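Peer 1: coords please:
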Amino acid sequence: MGTSPLQVDVAIIGAGTAGMSAYKAARKHTDRIVVIEKGPYGTMCARVGCMPSKLLIAASEAARAVRGAPVFGVYTQGLQVNGEAVMQRLHAERARFVQAAVDDVLSWPAQHLLRGHARFTAPRELVVSSGSSVQTVQARATIIATGTTPTYPAAWKAALGERMVVNDDIFSWTTLPTSVAIVGTGVIGLEMAQALQGLGVKVLLVGRSEKIGPLTAPALQSAARQLVSQDVETLFNAQVTAVQLQGEQVELSISQGDTTRTEQVDYLLVATGRHHTLEALNIEQAGVVLDDKGRPQIDRQTRQVQDLPIFMAGDANGVVPLQHEASDDGFAAGNNAAHWPDTKAFARRTGLSIVFSHPQMMIAGQSHALLTRAGADFVVGSVDFANQGRASIMGANRGLLQLYADRASQRLLGAEMLGPSAEHFAHLLAWSVQQQATISSLLAMPFYHPALEEGLRTALQDARRQLR
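Peer 2: Model prediction:
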């Protein structure tokens, strides 16, 4: 491209899931479009998120199945986990997922792709730099889809170097370490802790509070703490107060209440959250006002920033950092940017969140915490999977399911679960919430015997008794 300004209807910053979705939506209405990307093509989900993490978890589940086989009277000659083979398969499969995303982007017209770092100079103007090359882009509307980056203490990285990692780094390992300490008991920390533990890595999980995973119901949080602690050594209400290298080992000082302990591990994995990278966009030059957390005001339905010709999609907007939500955000932002200044609301789908822990966790629809804060009048239908028939047959009889139903309308409002096949219950219940199903209408549906879904029927019956 030359030095004269590039004039487009829509500029999209970021070519991840949200950016790709935005491009496809906007291109249906205009061909004057450019996608700006400073890093490698291929989504975060494919490179360092959903897909490689599930590959590691799948390997861990295979190892767990072998260890658990004796309960069925099935015995093996011993379990061996080949760390190099585990990572080789992960790398090969990940490369395939990444390449599919890369090929998709590279199939777009070359004039729609611009490499470099973008920053705003005005609400409708960007400067894109790549080495000594600088290109001005004048856009009628801009979509920010820059994702997030892991958060960690800079002092820890300076002290530990490559021995301090974030989840992005794990998937570049060529083999598995002997021991890892993980700071953070959210979704990423929990999934990685149990995946590595299942593969024979000695794991210490450290959390600043008693909360583990996203579940909000007190009974479910209590059960989660108990079950996870049985699987992985976990320190709740604890803090890492000092880190240093001792040869090839990381030495940690960990305080918990009145006690302090010292641990040595191969790696320290920091899973304390992710943050947006809006600072690098010089976004204030576009007239964007940031709150005390460094975030702009965003319309959750249109994805528009304030009243500006700017839209935010995907993890960058901080609304719901999940892949399917990023895709929906991109679709909405792409359509509205292409039609600017005419925008419309795109309804968000029913909330659906799944944790691939052991056992799995899920939230479908509204959580217990959301309903409680809103002052909703709801009943809780529960089932304990300890004595559920199919779960017992499978040797997976651990966990709880709670359903939340509106007392007046008897509609299902949401659900939370810790237990076997929660990922499948999550879809079934999210669909039911979105269809505005009632407890009675769900109980009128067929339930096969013996199936895990009979546990759902038990919870529905519990809710119906309270509604009567």
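
Peer 1: Roughly how far does the residue nearest to the spatial centre of the chain sit from Gln239?
Peer 2: In the chain, the residue lying closest to the centroid (C-alpha atoms, centre = their mean) is Leu322, at 4.8 Å. According to C-beta to C-beta, to the nearest Å, Leu322 and Gln239 sit 29 Å apart. Placement of C-beta: from N, CA and C, glycine included.

Peer 1: likewise Gly14?
Peer 2: Counting by C-beta to C-beta, the gap from Gly14 to Gln239 is 34 Å.

Peer 1: who has more neighbours, these two?
Peer 2: Neighbours per residue, other C-beta atoms under 10 Å: of Gly14 and Gln239, the larger number sits with Gly14, 28 against 14.

Peer 1: show me what contacts the residue nearest to that one when sequence neighbours are not counted?
Peer 2: Counting by C-beta to C-beta, 6 or more residues apart in numbering, Gly14 lies nearest to Ala145, which is 3.7 Å off, once chain neighbours are set aside. The contact partners of Ala145, by C-beta atoms under 8 Å, 6 or more residues apart in numbering, come to 12-16, 18-19, 22, 312-314, 316, 326, 329-330, 333.

Peer 1: what's the spacing between the strand or helix carrying Arg261 and its chain's center?
Peer 2: Per DSSP states H and E, Arg261 falls inside strand 259-265. Relative to its chain's centre, strand 259-265 lies at 30 Å (C-alpha atoms, centre = their mean, to the nearest Å).

Peer 1: I'd like the mean pLDDT over that strand, please.
Peer 2: What strand 259-265 shows for mean pLDDT is 97.

Peer 1: Wait, Ser327 touches Ala18, no?
Peer 2: Yes. Counting by C-beta atoms under 8 Å, Ser327 does reach Ala18; the two are 7.0 Å apart.

Peer 1: Distance from the chain centre to stretch 6-15, please.
Peer 2: Computed by C-alpha atoms, centre = their mean, the chain-centroid distance of stretch 6-15 equals 27 Å.

Peer 1: Which residues in it does the neighbour count mark as buried?
Peer 2: For stretch 6-15, a neighbour-count test (16 or more other C-beta atoms under 10 Å) marks Leu6, Val8, Asp9, Val10, Ala11, Ile12, Ile13, Gly14, Ala15 as buried.

Peer 1: for those residues, which one is nearest Arg465?
Peer 2: Gly14 (50.0 Å; C-beta to C-beta).

Peer 1: what about that closest one, distance to Ala59?
Peer 2: Distance, Gly14 to Ala59, by C-beta to C-beta: 31 Å.

Peer 1: now do the same end-to-end measure for stretch 305-324.
Peer 2: Across stretch 305-324, the terminal residues are separated by 21 Å (C-alpha to C-alpha, to the nearest Å).

Peer 1: Could you tell me the backbone phi and psi angles at the nearest residue to Met394 once chain neighbours are set aside?
Peer 2: Nearest residue to Met394 in three dimensions, chain neighbours excluded: Pro420, at 6.6 Å (C-beta to C-beta, 6+ apart). In terms of degrees, to the nearest 10, the main-chain angles of Pro420 are phi -70, psi 140.
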